[in-house]
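In: Test case, fold it:
(chains A and B)
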Amino acid sequence: MSDLQIALIAEGATDYPIIKAALDAFMPRSFILKLLQPEPVLSELGGGWGGVLKWCNAYRELHAGFIDEHPLLELYDMLIIHLDVDVSTKRYSDYGQQIIDFASENNWGALPCAQPCPPVSDTVRALTRVLESWLLPMTLGPRTVLCLPAQSSGTWLAVATVPEGERMMRGHIECDISAENKLSGVGGGVKKKFRIDKSEPSYTAHSPAITARWAHVKEKCSQAEIFETDMVNATPP
Amino acid sequence: MIRRLNISGFKSLILENPIELGRVNCFIGANGVGKSNILEALGVIGAAANGSVDAESLLRRGVRAGVAGLYKSSFKSERSPAHIGLEAMGDANECYRVSLLNPIKTPEPAWSFKTEYLSDGSIDVISQGVRGRKNLNPKLGLAALKLVELDEKNAASHLMSTLQNYAIYTPNTPSLRGIAPDQQSRSPVGLNGGLLAEAFDSLCKQLNNRDDGPQLLAQVQGLIDWVNNIDVTSQANSILSPSVPRSKHILRFTDKYMMSSRSELTAYDASEGALYILFTACLCLLKDSPRCFSIDNLDQALNPRLLTRLIKCLPGWLLASDKEKQLLFTAHNPAVLDGLDLDNQDVRLFAVDRNNNGLTRVRRIELTDGIRKLNSQYPLSRLWLMGNLGAVPNV
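Out: Presented below is the predicted three-dimensional model:
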């Protein structure tokens, strides 16, 4: 059986190893995961969640209907759109007045949209609606999966690598907006030997722990469980 | 022409399906995905077809000599293969298949032939299972010996000679300029570009003897837009410093913008792009260049627009030289793709990636209705850069 070709839209370079490690844990078939990028045109939208927004905006201009059927995705079997749930706390004004105007003209869902947490699911629902508004007139198709780690992909890495007894692990980790910062040593909460700086090489080096401890990650992070279920259901036979 | 190539257990290559080759075969992909390994696998099968696989026979074909532990695939996710399996098949289903052994712990200078199979498409010439006969030297290929019994026109013989003469060319500027020795000198041009002047001289003579020769030569020269004329001379005292090492023949470029009395340059002073163009043209057009050959990083030193034009010339040049002539090349410059006429079945584009376990995967990009529709709005170069063709790094 040939490898699945999976396109990935992600906020940044550190998200790729996290998502790949998660897929390594449960995908029923071998796969080739490719990070798509918006073209580097001059824009107020930089990387991060602005990059995802920029990608959505570029693609929606060319196609209506299921995003799976977008001509630019012809060579891919599946699409993953990643957005950290902490985007629910952001504002369009983070990227300047032009983006505020653009959001208004295009009826993009309102930001911030964070809801009381726990449960994280209310915020996830609100953020999903925002993301869907960025894609219109495209809609999510059966081969598209949203990957929405709460509050960020770094949380999955933290859960996989930091022991239960560490202070940062107490409470609802999916509601902790500073979990990724704590993992890198900002603000305490984790012993020095468990810290992982937020860089692509460092995340890549530690990402196999996510594959190895995926069951534990799912147990602590409902969004990991949902991602796995959605991916398995969307995987073509 | 080699139509199918199957590789199992060589470096990062444990292919699921054979690579279906055309006349012009372009391999694109991120650095380190295994593009050059594909070219090298063909070099290994070429060495086997010639009767021995050792450092000397591999280097002669432009294959990096390596220890057995590095040649054999070694993936965490896969069982280590006992041998390297290689297969090349031609137009008439003629086929040469070989499996090669070399112990990782106690590597030997030459690889042993484990199994060997040669067919002309209808009759098996050699059909050797695991070698048991102790009177045979396991380091020598039987198929190469058997060739003396075959008619030259036999499809198996033809395939074997194509494989035997295959080489990977990796031009570099000092060798092209003639100021550094070529690591693998051979006729008509060295694997690093040595003897370019001699090769171009042969090309001019060859083309002068055919009706479409002047047109082809003009096409080559037309790619170098700053020259009025290119020829080969042995009298270069007035245009080349005595401190520069030189060979008997020297390329002479006449610059169209300079005063006629001081308008001549040698390969030492000429733009390196011009040398890469001539190098590629010589290999494609010369009758005595290998029937099947590779150029690793064909795009180096060339302006994108020039590169697109050069790529457009390749199918015609190869066909003009020999209807069997075939080129495999790797490239990183997106402009290469805009020169590929994928409507022409002779021209093939392969996206090379590594899957989640690290295995090299090769996928032919064909002009499906979807890709054609895309290509009507976006040049292939743009689609590649955006990631829509794959074959990009995840950075």
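In: okay, now A:V52: neighbour count?
Out: Neighbours of A:V52 under the rule other Cβ atoms under 10 Å in any protein chain shown: 23. The C-beta positions use only the backbone N, C-alpha and C, and glycine is treated the same way.
In: give me phi/psi at it?
Out: Torsion angles at A:V52 (phi, psi; degrees, to the nearest 10) stand at phi -60, psi -40.
In: how far away is B:F27 from chain A?
Out: Separation of B:F27 from chain A (Cβ to the nearest Cβ, to the nearest Å): 16 Å.
In: Report the secondary structure state of that residue.
Out: What DSSP: H, G, I helix; E, B strand; the rest coil gives for B:F27 is strand.
In: quick one: it and B:L328 touch, right?
Out: Yes - B:F27 is within contact range of B:L328, at 6.9 Å (criterion: Cβ atoms under 8 Å).
In: What ranges does chain A have for its helices?
Out: Assigned by DSSP state H, chain A shows helices spanning A:15-26, A:48-60, A:97-105, A:121-135, A:153-161, A:179-183, A:200-206, A:208-212, A:214-220, A:222-234.
In: Can you tell me which of those helices is most buried?
Out: Highest mean neighbour count among these (mean count of other Cβ atoms under 10 Å in any protein chain shown): helix A:153-161, with a mean of 27.
In: so what secondary structure elements neighbour that one?
Out: Judged by 3 or more Cβ pairs under 8 Å, 6 or more residues apart in numbering or on different chains; DSSP states H and E, the packing partners of helix A:153-161 are helix A:15-26, helix A:179-183, helix A:200-206, helix A:208-212, helix A:214-220.
In: okay, B:F27 and B:L328: which has more neighbours?
Out: The neighbour count for B:F27 versus B:L328, taken as other Cβ under 10 Å, is higher for B:L328 (27 against 24).
In: Quick check: phi and psi on the more buried one?
Out: Torsion angles, degrees, to the nearest 10, at B:L328: phi -110, psi 140.
In: do you know how far it is from B:A49?
Out: 16 Å (Cβ to Cβ, to the nearest Å).
In: What of B:R64?
Out: According to Cβ to Cβ, B:R64 stands 19 Å off from B:A49.
In: Give me the more crowded residue out of these two.
Out: B:A49 (26 against 16).
In: Now the more buried one: closest residue in space, sequence neighbours ignored.
Out: Distances taken as Cβ to Cβ, 6 or more residues apart in numbering or on different chains place B:L163 nearest to B:A49, at 3.9 Å, with adjacent residues excluded.
In: in chain A, what residue is nearest chain B?
Out: A:E74 (3.8 Å; Cβ to the nearest Cβ).
In: OK, contacts around that residue?
Out: B:368, B:370-371, B:374, B:388 (Cβ atoms under 8 Å, 6 or more residues apart in numbering or on different chains).
In: hmm, 7 Å instead?
Out: When contacts are counted by Cβ atoms under 7 Å, 6 or more residues apart in numbering or on different chains, A:E74 touches B:370-371, B:374.
In: Got the confidence number for it?
Out: Looking at A:E74, its pLDDT stands at 91.
In: According to the record, where do the domains of chain B fall?
Out: B:1-166+B:292-300+B:325-395, B:171-289 (automatic domain parsing).
In: Identify the residue nearest residue 117 in space, chain neighbours excluded?
Out: By default, I'm working from chain A. Closest to A:C117 by Cβ to Cβ, 6+ apart is A:C175, at 3.8 Å.
In: actually it's chain B I care about, not the one you picked
Out: B:R97 (4.2 Å).
In: count of residues packed around the residue lying closest to A:S2 once chain neighbours are set aside?
Out: Among residues not flanking A:S2 along the chain, B:E16 sits closest, at 6.1 Å (Cβ to Cβ, 6+ apart). Using other Cβ under 10 Å, B:E16 is surrounded by 14 other residues.
In: Torsion angles phi and psi at B:E16?
Out: Here is the backbone geometry of B:E16 (degrees, to the nearest 10): phi -80, psi -40.
In: Mind pulling the model confidence for it?
Out: On pLDDT, B:E16 comes in at 91.
In: Same question for the one 3 residues further on.
Out: According to the prediction, B:I19 has pLDDT 98.
In: again, but for B:G141
Out: 94.
In: Number of residues surrounding it?
Out: 27.
In: ok, now how distant is it from B:T115?
Out: Look at B:G141 and B:T115: by Cβ to Cβ, they are 11 Å apart.
In: try B:M386
Out: According to Cβ to Cβ, B:M386 stands 45 Å off from B:T115.
In: picking up where we left off before, could you dump the helices and strands packed on helix A:153-161 to CSV with mean pLDDT and distance to A:G48?
Out: Below are the helices and strands packed on helix A:153-161 laid out as CSV (pLDDT from 0 to 100; distance: least, Cβ to Cβ, whole Å):
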stretch, mean pLDDT, distance to A:G48
helix A:15-26, 98, 10
helix A:179-183, 94, 13
helix A:200-206, 96, 14
helix A:208-212, 98, 21
helix A:214-220, 98, 23
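In: List the buried residues in stretch B:247-262.
Out: Neighbour-count burial for stretch B:247-262 flags B:249-253, B:255 (criterion: 16 or more other Cβ atoms under 10 Å in any protein chain shown).
In: Cross those against strands and list the overlap.
Out: Of those, the ones assigned to strands by DSSP state E are B:250-253, B:255.
In: Mind putting these into CSV with pLDDT?
Out: Formatted as CSV, these follow (pLDDT from 0 to 100):
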residue, pLDDT
B:I250, 88
B:L251, 92
B:R252, 92
B:F253, 94
B:D255, 91
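In: Contact residues of chain B facing chain A?
Out: Residues of chain B found near chain A (Cβ under 7 Å from any Cβ of the partner chain) are B:16, B:353, B:355-357, B:361, B:370-371, B:373-374, B:386-390, B:392, B:394-395.
In: Could you pick out the buried ones from those?
Out: Buried members of the residues of chain B next to chain A, scored by 16+ other Cβ under 10 Å, are B:353, B:355-356, B:361, B:371, B:374, B:386-390, B:392, B:394.
In: Quick check: phi and psi at A:S178.
Out: Dihedral angles (degrees, to the nearest 10) for A:S178: phi -110, psi 10.
In: Output the below-cut-off pLDDT ranges for the chain.
Out: Picking chain A for this. A:42, A:44 (pLDDT under 70).
In: Correction: the question concerned chain B.
Out: Using pLDDT under 70, the flagged stretches of chain B are B:132-134, B:236-246.
In: Which stretches in it count as helices?
Out: B:35-49, B:55-60, B:68-71, B:142-146, B:155-165, B:173-177, B:196-208, B:213-222, B:272-285, B:304-321, B:369-377, B:380-386.
In: who's in contact with the fifth one?
Out: In this case it means helix B:155-165. Applying Cβ under 7 Å, 6+ apart, the contact partners of helix B:155-165 are B:2, B:45-46, B:49-50, B:88, B:90, B:92, B:94, B:96, B:118-121, B:125, B:143, B:147, B:150-151, B:290-292.
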